[in-house]
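Quick one, fold the following:
(one chain, ligands or ions: 2)
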Amino acid sequence: MSLALILLAAGKGTRMESDLPKVLHRLAQAPLLWHALRAGQALEPSRSVVVAGHGAAEVEASTAEFAPEAQVVLQEEQLGTAHAVAQARPALDGFDGDALVLYGDTPFITEATLEAMRDARARHDVVVLGFEAADPGRYGRLIAEGDALERIVEFKDASDAERAITLCNSGVVCAGSRTLFELIDAVGNDNASGEYYLTDIVEIARSRGLSAGVVRCDEAETLGINSRAELRAAEAAFQARKRAELLDEGVQMTAPETVFLAWDTYIGRDAEIEPNVVFGPGVTIETGARIRAFSHLEGCHVSRGAIVGPYARLRPGAELAEEVHVGNFVEVKNAYLAEGVKANHLTYIGDADIGERTNIGAGTITCNYDGFFKHRTTIGKDAFIGSDTMLVAPVTVGDGAMTGSGSVVTEDVPAGALALGRTKQVTKPGFATKLREMLRARKAAQKAAQDAKEG
Ligand code: UD1
Ligand code: MG
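Ligands and ions are numbered 1, 2, ... in the order given. Predicted coordinates:
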């Protein structure tokens, strides 16, 4: 059965106290929306529809970045969850599979739970995801017997007896797409909030002789985010879970509580992550690589046996082959460092390709930017770049070539050549001693004049 995702993301998120739409606030370095989309997309839906409202243009741009194939539809006025789902109808015209409704502000929902809901569709026309709440608060309550669902009652509309129920509605629903829209057509807004409740479809389905069922999940999965405090708590929960997962997968971390991970950080088995390392989005660390303390990495790939840091910075497009060493205060951006390259101290490598085993001396800089354009630096294999070399790009240094320390290299260096681009040294015997005596005498005269003035 083909699947369509309908992701509700029109709400304002008033309690975030923010100009940014709630679903674009970031958790583990990705918008909340992407987390929910990622879980849904793991089921390989043939269509995805995001219902946007507040900050629709920004929500649309963010959706396009992560899921360009998703359609974004506008819900101009937020008249309730059923009304929100109804906005997806034109986008799903002609679609005859199942529809899965997710919330954009519920980032922890897992693929396994969504799969279980899909499986439950074999037994029920409408499937609702529920959870046992430690503190049921204002959640909608599920009136169920076993896995058969009778109806959902919103907190505001519930009796005391219904409020005592602890099985709550997560909001996630799966039903045949045509059935879903037919049921929604019958939803009214005669309730305590004056809203069109998606939850009403259960009672309507039952009255039409359709069956409804509950799939249960852990409460942690349905955690929604409504305020900055909840977002911070969610971040802490995310970090704790991801660190534990990595430890289980064989990553070595002596102080995992000091390592900050992004939503998509991948670290291979037996890789070592020292304390105080921060991962931005898009990082892959292969088996056996070592990331030393206080390094910051984003959008990069570190291969087996490579060593990074301490105090290194890998920026987007940094690609380190096996056994590369990048040491302290070295920054690498948009550059390929082939196997065995060493850049151990105080260096900037940007927009560059560096061949196998080449050594980059301390203080080397690729001067890649002229204020308007970026230019590339290409260095061959087995080259030796002397300390404090300025490589003024575009420039090429051939295989096995050398540059003298302190050189400003503006012209290509052929393979095997030595390039010296610095002024010739002048040495004046005894000059330093004389200069020092002269300056000492001048300082003494100045002090004497000052004393006379004050005395
Ligand atoms: C909803 C459920 C409730 C459930 C709870 C779980 C209904 C009527 N109630 O209540 O049973 O326990 O979620 O968190 O469905 N949205 C729109 N457009 C709208 C209204 C909402 O896009 O017009 C989006 C919101 O941005 C949010 C989601 O739908 O992502 C849920 O809306 P919200 O207002 O938070 O519903 P609750 O009152 O929490
Ligand atoms: Mg809510």
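
Now for the residue of the stretch 51-200 of the chain found nearest ligand 1: which residues touch it?
For the stretch 51-200 of the chain and ligand 1, the shortest gap (Cβ to the nearest ligand atom) falls at Gly140, measuring 2.2 Å. Where you see a C-beta, it was placed from the backbone N, CA and C, and this is true even at glycine. Applying Cβ atoms under 8 Å, 6 or more residues apart in numbering, one finds that Gly140 lies in contact with Ile152, Val153, Glu154, Phe155, Cys168, Asn169, Gly171, Thr199.

Name the member of these that has the highest neighbour count.
Ile152 (28 neighbours; other Cβ atoms under 10 Å).

Tell me the bridge partners for that residue.
Leu142 (DSSP bridges).

Touching, it and Thr199? I think so.
Yes - between Ile152 and Thr199 there is a contact at 3.8 Å, judged by Cβ atoms under 8 Å.

What parts of this structure come near ligand 1?
8-11, 51, 53, 75, 78-81, 83-84, 103-105, 139-140, 152, 154, 168-171, 197-199, 224 (Cβ under 6 Å from any ligand atom).

Point out the other helices and strands that the helix or strand hosting Arg206 packs with.
Assigned by DSSP states H and E, Arg206 falls within helix 201-207. The contact analysis (3 or more Cβ pairs under 8 Å, 6 or more residues apart in numbering; DSSP states H and E) places helix 201-207 against strand 126-132, strand 148-153, strand 167-176, helix 177-185, strand 212-216.

rerun that using 7 Å as the cut-off
On a contact count with 3 or more Cβ pairs under 7 Å, 6 or more residues apart in numbering; DSSP states H and E, helix 201-207 meets strand 126-132, strand 148-153, helix 177-185, strand 212-216.

Next secondary structure after the second one?
For strand 148-153, the succeeding helix or strand toward the C-terminus, using DSSP H and E, is helix 160-163.

Now list whatever residues contact both of Ile152 and Thr199.
Residues touching both Ile152 and Thr199 by Cβ atoms under 7 Å, 6 or more residues apart in numbering: Gly140, Asn169.

Contacts only, for the residue of the stretch 251-400 of the chain found nearest ligand 1.
Nearest residue of the stretch 251-400 of the chain to ligand 1: Trp263, at 18.7 Å (Cβ to the nearest ligand atom). The neighbourhood of Trp263, defined by Cβ under 7 Å, 6+ apart, consists of Ala28, Gln29, Ala30, His35.

Spell out, range by range, the helices that occur in the stretch 351-455 of the chain.
Remark: helices assigned in the stretch 351-455 of the chain by DSSP state H, counting those that start in this stretch are 431-454.

Buried deepest among the helices and strands packed on helix 201-207, which one?
Ranked by mean neighbour count, the helices and strands packed on helix 201-207 are led by strand 126-132 with a mean of 24 (mean count of other Cβ atoms under 10 Å).

can you list the contacts of Gly140 in a markdown table and add pLDDT?
Listed next are those as a markdown table, based on pLDDT from 0 to 100:
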| residue | pLDDT |
| --- | --- |
| Ile152 | 98 |
| Val153 | 98 |
| Glu154 | 97 |
| Phe155 | 96 |
| Cys168 | 98 |
| Asn169 | 98 |
| Gly171 | 96 |
| Thr199 | 98 |
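
Which pair of those residues spans the longest distance?
Val153 and Gly171 (14.1 Å; Cβ to Cβ).

picking that back up, list buried residues within the residues of the chain next to ligand 1.
8-11, 51, 53, 75, 78-81, 83-84, 103-105, 139-140, 152, 154, 168-171, 197-199, 224 (16 or more other Cβ atoms under 10 Å).

so how many other residues sit close to the closest residue to Ala335 other than its chain neighbours?
Leaving aside its chain neighbours, Ala335 sits nearest to Ala352 (4.2 Å; criterion: Cβ to Cβ, 6 or more residues apart in numbering). By other Cβ under 10 Å, the residues close to Ala352 number 23.

and Ala352, what does it touch?
Shown in contact with Ala352 (Cβ under 7 Å, 6+ apart): Ala335, Thr366, Arg376, Thr377, Ile379.

quick one: contacts for the nearest residue to Asp351 once chain neighbours are set aside?
Excluding the flanking residues, the one nearest Asp351 by Cβ to Cβ, 6+ apart is Asn368, at 4.4 Å. Shown in contact with Asn368 (Cβ under 7 Å, 6+ apart): Gly350, Asp351, Lys374, His375, Thr377, Ala393.

Now restrict the residues you listed to buried residues only.
Gly350, Asp351, His375, Thr377, Ala393.

Tell me which of the residues you listed fall in strands.
Among those, the residues falling in strands (DSSP state E) are Gly350, Asp351, Thr377.

mind putting these in TSV, pLDDT included?
Output for those, formatted as TSV (pLDDT from 0 to 100):
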residue	pLDDT
Gly350	98
Asp351	98
Thr377	98
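
My guess is Ile225 contacts Phe108. True?
No - between Ile225 and Phe108 there is no contact under Cβ atoms under 7 Å: 9.6 Å.

Comparing the two, which residue is more hemmed in?
Taking other Cβ under 10 Å, Ile225 and Phe108 do not tie; Ile225 has more neighbours (27 against 22).

From Ala237, how far off is that one?
With the distance defined as Cβ to Cβ, to the nearest Å, Ile225 ends up 11 Å from Ala237.

again, but for Gly350
Counting by Cβ to Cβ, the gap from Gly350 to Ala237 is 36 Å.

Need the pLDDT of Met1.
For Met1, the pLDDT comes out at 85.

show me what contacts it?
Counting by Cβ under 7 Å, 6+ apart, Met1 has contacts Gly97, Asp98.

Pick out the residue in the stretch 201-350 of the chain sitting closest to ligand 1.
Gly224 (4.8 Å).

from what I can see that residue touches Asp105, true?
Yes - if you go by Cβ under 7 Å, Gly224 and Asp105 touch, sitting 5.2 Å apart.

what's the residue nearest to Gly380 when sequence neighbours are not counted in contact with, if anything?
Computed as Cβ to Cβ, 6+ apart, the closest residue to Gly380 that is not its neighbour in sequence is Asp399, at 3.5 Å. Counting by Cβ under 7 Å, 6+ apart, Asp399 touches Gly355, Gly380, Lys381, Asp382, Ala383, Ala415.

So Asp399 versus Arg357, what's the distance?
For Asp399 relative to Arg357 (Cβ to Cβ), the value is 10 Å.

cool, Ala419 as well?
Here the distance between Ala419 and Arg357 works out to 19 Å (Cβ to Cβ).

returning to what we had before: export the contacts of Asn368 to TSV and tack on distance to Arg216?
What follows is the contacts of Asn368, written out as TSV (distance: Cβ to Cβ, whole Å):
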residue	distance to Arg216
Gly350	52
Asp351	53
Lys374	53
His375	58
Thr377	58
Ala393	59
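
Looking at those residues, which is nearest Leu92?
Lys374 (43.7 Å).

Poorly predicted segments of the stretch 151-300 of the chain, please.
Across the stretch 151-300 of the chain, nothing is flagged by pLDDT under 70.
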